[in-house]
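> build me a structure from this.
(one chain, ligands or ions: 2)
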Amino acid sequence: MSKLFVSEHPLIHTKMAMLRDEQTGTKEFREIIGEVASLLLYEATRDLPLKEVQVKTPIATATCKTIDTKLAMVPILRAGLGMTDGLLNLLPAAKIGHIGLYRDETTLEPVEYYCKLPLDIEERTVFLTDPMLATGGSADAAIGFLKARGVKNIIFLCILAATEGVERLQKNHPDVDIYAAAYDDGSLNEHGYIVPGLGDAGDRIFGTK
Ligand code: PRP
Ligand code: URA
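Residues are numbered from 1 along each chain as shown. Ligands and ions are numbered 1, 2, ... in the order given. As a prediction, the model looks like this:
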């Protein structure tokens, strides 16, 4: 079964309290989403393979290590975009793909409207991002698209995960590790929102409600 990592870091706890607060406005919400995404990427890159490189310091040659895999970020549009700058702060050279999905408000099933990925995506370790893992339908479908394009190494990053979504991903994609800044262990409400959650992430990032 895949790993579920839920952060217990004091910085992330503090920032999650601000994200959950209904009084937090669009500008601050967007900034904090980026910060939490950076902190989460720090954890999610911990096991990446390394290679030795020789670096000439002003004094002598040092044996150093650098990441030994090609990387890509793939945000699930639209809310996943809110995490991209935070990830690029740490990995500025990563390629970026986009998968456009929205959740049908009645069926809660994901509907695809866009997919554009780097040509060599199958050679890359892909960080798939979406702030919310609720029913898991969107992430499940996006992972399916990536696997259909030949991607073998996928790591899913979200700000808030719910039990239902985690169980769905672990059942359908046991090879995909999940990194979440926080986890809400309970049922979704009648509209498919995580409880207590933080509301509609896309609307809060982009100020559309
Ligand atoms: C939200 C969120 C996820 C999805 C999660 O997107 O950003 O993509 O719902 O729910 P699920 O786990 O039940 O699939 P939404 O459909 O609201 O679209 P948006 O990103 O355009 O706001
Ligand atoms: N999508 C969101 O933006 N929020 C939720 O709580 C569930 C899905």
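
> when you work out contacts or count neighbours from here on, use the C-alpha atoms and nothing else.
Noted.

> hey, where'd the strands end up in this structure?
Remark: strands assigned in the chain by DSSP state E are 4-6, 50-56, 61-67, 71-77, 95-96, 98-103, 110-116, 125-129, 132-133, 153-162, 177-184.

> now the angle from the second one to strand 61-67?
If you take axes from the mean of the first three to the mean of the last three CA atoms, to 10 degrees, strand 50-56 sits at 150 degrees to strand 61-67.

> likewise the fourth one?
Relative orientation of strand 71-77 with respect to strand 61-67: 30 degrees, computed using the same axes, to 10 degrees.

> could the strands of the chain go into TSV alongside distance to residue 22, mean pLDDT and mean neighbour count?
What follows is the strands of the chain, written out as TSV (distance: least, CA to CA, whole Å; pLDDT from 0 to 100; neighbours: other CA atoms under 10 Å):
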stretch	distance to residue 22	mean pLDDT	mean neighbour count
strand 4-6	23	98	17
strand 50-56	42	98	11
strand 61-67	39	98	11
strand 71-77	23	98	24
strand 95-96	31	98	18
strand 98-103	22	91	20
strand 110-116	26	92	14
strand 125-129	23	98	24
strand 132-133	16	98	28
strand 153-162	15	98	24
strand 177-184	17	98	21
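
> in stretch 202-209, which residues are buried?
For stretch 202-209, burial by neighbour count (16 or more other CA atoms under 10 Å) applies to 202, 204-206.

> which of the residues you listed lies closest to ligand 1?
residue 202 (3.7 Å; CA to the nearest ligand atom).

> how close does residue 204 get to residue 49?
Distance, residue 204 to residue 49, using CA to CA, to the nearest Å: 36 Å.

> oh, I was asking about residue 145
With CA to CA as the criterion, residue 145 and residue 49 are 25 Å apart.

> higher neighbour count, the two?
residue 145 (14 against 11; other CA atoms under 10 Å).

> residues of the protein that sit close to ligand 2?
Selection of the chain residues close to ligand 2 by CA under 6 Å from any ligand atom yields 132, 134, 192-194, 197, 199-202.
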